[in-house]
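In: kindly return the folded structure for what I paste below:
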Amino acid sequence: MTKITRCFVAVVLTVASIAAFAQDGANKEEMFGQANTSLGASSVASETPRRVNITNVGANSNTSDTNAEADLVPSSRAAALAKQKSSSTSRNPEVGTSEFQKFIADSTGKILPVFGAQFFANTPDTFTPISGAPVPADYPLGVGDELMIRGTGSVDIDYRATIDRNGQISIPTIGTVSLAGVKAGDAESVIRNAVGTMYKGVKINVNFGKLRAITIYVVGQANRPGTYTVSSLSTLVTTLFASGGPNANGSMRHLQVKRGGKVVADLDLYAFIAKGDKSADIKLQDGDSIYIPAATGHIALVGKVNTPAIYELRTANDTIESMLDVAGGMPIVADPRRAYLERIDASKNQPRSVEQFALTGEGLKRPLKNGDVLNITSITPDFSNAVILRGNVDQAIRAPFLPGMRVSDLIPNREYLITRNSIKRQNNVVSTGDNDKSTNEVAGNIASRIGGLIDEINWDYAVVERINRSDLTVSLIPFNLGKVFSNPASPDNVQLQPGDTVTIFSQQDVAVPMDKRRVFVRIEGEVNVPGVYQMNAGETLQSLLSRAGGTTQDAYLFGTAFYREQVRAEQQLNLEKVASKLETQLRIEQSKSAANVRAMTANDAQAAEAQRQSELQIAKENIARFKLLKPTGRITFGLDPAERSFARLPQLKLENGDRIVISARPDFVHIFGSVNAEASPLWRANMRVEDYLKMAGLTADADAENVFIMRTDGSVVARNASAWAFGGIGGVIVMPGDSIVVPEKFDKETSWTKFTKGTREWAQIFANFGLGAAAVKTLRN
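Out: Below you'll find the model as predicted:
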């Protein structure tokens, strides 16, 4: 019996050895060629337990560790249709515009957008969802989903597994695990339990790799209908976005998901776009169909609504209130008292009608019909309780009207009449923050600004402008502004009414009489006390000389220069008119010259055209220089050069801004033009023009017949002057400071000489425009 037992034990050990060898071979196959973890020595292996390593990552190293979802790509036919539609849309902007949009455009003059269409405006032809998106815990696992299993402890696990068509995964040494239908949040515990049947003390972590793709059908009034292969995490909204959404006739308020012949979801896209409600946005399953029906009706909201657009009706019970809610309501400037509803009734001879009502509780509950146009008007930007102050004031204001309100209530004191420009000029008197800035201003700047720190008020006249709303007429109520402050009880302190506009004028807005204007004048040069003086109305040059302490012994009466701003402005205007006339004459002469050139032979025409272009360029340059001339506003007194008494100055009334310069007697005479040497020789008594011309010498092209003198008093002496009676211009006695101008002789008839014949007397131009010797240099350079 003992012998039999020993034989049985030997057989059992042999079978066990064979089985262990077979199991070890199987393990090696399931490890996909990975290295054995044993030490390699048979003697050591028999003594040290071997650590199990379950992995297939090395064999699949080309697989990404990221959670890469399946691309959401339309079928080839859908993509081709989308590309064709995109190309045709770019050629014809009216593609995708509904008939109702065109109808509204004919009525309002502009194409209103369809509400919600912008959500799909930039959808790509192909769409890839975001990689690495977390997998929801309630996601049901299915065939094709990939899991990444990692475990540490008594066994090392780094294994990728994909659920096969039987709904299972197979893990070496552990066996198969059924995962089809298991929620993603439960997958880790299911796999942990499976591993725990073979190994103890193993920590398991499960992540998800590439998820399975599903096939979805987009049909009906879709922008890009077709078959789409999408991620199993895709929802109704994400798939709609990829397909471009509804077309111009499709509904945005009944987007249906059909599954197994039943409607499992009905999404109102307005609820999602307007309020972010995604309660009807379900996850799609393989084989689902997204059906986009045709829209049941559209209405238009125009005017003062927050989102003017064309809106789709969801039901026949949609009201104005519900549609305004989708549109974001009305802005504050909307007038709920006046709303106009345009309605279409095709059964009538005149299918269109309009009605007006208020958007009160009853008005907001009115149902809308297909084709309705609701126009909400703006409030009238009018004030019921305001009076306005404007004009020469600190700042224009709109103040609330109070019963019994008068002008003095609107303008409490005179400081309210100091304008912002006046304050700015006062502040600019002192420059702050720049210690290195020079404290000396350009000569004349300070003196010219004295007296101009504040805008002078017209105290005698202001006006109240009043609108009679019963007949829409306007009446003016003038009043004396000065008396409002000096005697508030006077009738000039007008009682105001709601809507009145009070206007205050400066003396520049409405010119006041001379005796009421302020007069600041400047006197410079050879007087005992030069400076800026405030003069009374009606005072003359003699009064100014008296205030300045009289003239010095070096004062030169004949060289006295008097400047007035009004005269300068008139001279500038006349100068611009002359320049415009010269340009017109040049164009006429050029047209005639061009016509003559065309009548010539080819050789002659080429030479003539070159000459014409040269003359044209010269003429343009001369006109450009002529435009650079700046009148001075000088007034010539016409005094006798031999006069010495300043009492002979004219009794000219002074105006604000007048300037008088009394110079010392100059010691030189100036000679310009076609002379051998332009010079400024010393003045000598009783010397005549011809004497100075002999000193300077005339050039060969000098026009001696048109020599003229620019006197130091601003007058001009030319050949048509009375001096011709005494031996011509050459016999005229030259006074100190005079300028003798010798023009160039025009030997040939050019376009410039032709159109300047009417103004060739440059002496007359200088005299009329108050131009000095600097103007001569400008024209010659």
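In: please enumerate the strands of the stretch 501-650 of the chain.
Out: In the stretch 501-650 of the chain, the segments counted as strands under DSSP state E, counting those that start in this stretch are 501-506, 519-525, 531-535, 561-563, 634-635.
In: and the angle for the second one with strand 531-535?
Out: Same thing as strand 519-525. Strand 519-525 and strand 531-535 meet at an angle of 150 degrees, taking axes from the mean of the first three to the mean of the last three CA atoms, to 10 degrees as the criterion.
In: strands paired with strand 519-525, and their directions?
Out: In the sheet, strand 519-525 lines up against strand 531-535 (antiparallel), strand 659-662 (parallel) (DSSP bridges).
In: do the same with the shortest one
Out: Based on DSSP bridges, the pairing partners of strand 634-635 within the sheet are strand 561-563 (antiparallel).
In: state the mean pLDDT of the strand it pairs with.
Out: Averaged across strand 561-563, pLDDT comes to 92.
In: try stretch 331-347
Out: 92.
In: quick one: buried residues of that stretch?
Out: For stretch 331-347, the neighbour count (16 or more other CB atoms under 10 Å) marks 334-335, 338-339, 341-343 as buried. Every C-beta, even on glycine, is put in place using the N, C-alpha and C of the backbone.
In: inside helices: which ones of these?
Out: Judged by DSSP state H, helices contain none of these.
In: which one of these is nearest to residue 321?
Out: residue 339 (11.9 Å; CB to CB).
In: quick check: the closest one vs residue 103, distance?
Out: Residue 339 is 20 Å from residue 103, where distance means CB to CB, to the nearest Å.
In: in stretch 97-104, what's buried?
Out: In stretch 97-104, counting by 16+ other CB under 10 Å, buried: 98, 100-101, 103-104.
In: out of the strands paired with strand 519-525, which is closest to residue 279?
Out: Closest approach to residue 279 among these (CB to CB): strand 531-535, 82.8 Å.
In: quick one on the thing from earlier: in strands only, show me the buried residues of stretch 331-347.
Out: Counting by DSSP state E, the buried residues of stretch 331-347 place 334-335, 338-339, 341-343 in strands.
In: in CSV, list those along with distance to residue 551.
Out: Shown next, in CSV, are these (distance: CB to CB, whole Å):
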residue, distance to residue 551
334, 76
335, 75
338, 78
339, 82
341, 87
342, 86
343, 91
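In: and which of those residues is nearest residue 507?
Out: residue 335 (43.9 Å).
In: distance-wise, check the residue lying closest to that closest one once chain neighbours are set aside relative to residue 360.
Out: Excluding the flanking residues, the one nearest residue 335 by CB to CB, 6 or more residues apart in numbering is residue 379, at 4.4 Å. Noted for residue 379: a distance of 16 Å to residue 360, by CB to CB.
In: okay, the two: which has more neighbours?
Out: Ranked by neighbour count (other CB atoms under 10 Å), residue 379 and residue 360 place residue 379 first, with 14 against 11.
In: give the contact list for the more buried one.
Out: Applying CB atoms under 8 Å, 6 or more residues apart in numbering, we find residue 379 in contact with 333-335.
In: so after the helix or strand encompassing residue 150, what's the next helix or strand?
Out: Assessed by DSSP states H and E, residue 150 sits inside strand 146-152. Per DSSP H and E, the first helix or strand lying C-terminal to strand 146-152 is strand 155-162.
In: distance of the closest residue to residue 454 other than its chain neighbours from residue 393?
Out: Once flanking residues are discounted, residue 454 sits nearest to residue 422: 4.4 Å by CB to CB, 6+ apart. For residue 422, the distance to residue 393 equals 11 Å [CB to CB].
In: low pLDDT regions in the stretch 401-550 of the chain?
Out: Low-confidence segments of the stretch 401-550 of the chain, defined by pLDDT under 70: 429-445, 447.
In: if we go to 90?
Out: Low-confidence segments of the stretch 401-550 of the chain, defined by pLDDT under 90: 415, 418-456, 469-472, 507-519, 536-539.
In: same question for the stretch 251-400 of the chain.
Out: Along the stretch 251-400 of the chain, segments meeting pLDDT under 90 span 261, 271-286, 296, 315-317, 346-349, 361, 380-385.
In: where along it do the strands fall?
Out: 255-259, 262-267, 289-292, 298-303, 309-312, 334-344, 352-357, 373-378, 386-391, 397-400.
In: now, of those strands, which is deepest in the fold?
Out: Mean neighbours per residue, mean count of other CB atoms under 10 Å, is largest over the strands of the stretch 251-400 of the chain for strand 309-312, with a mean of 23.
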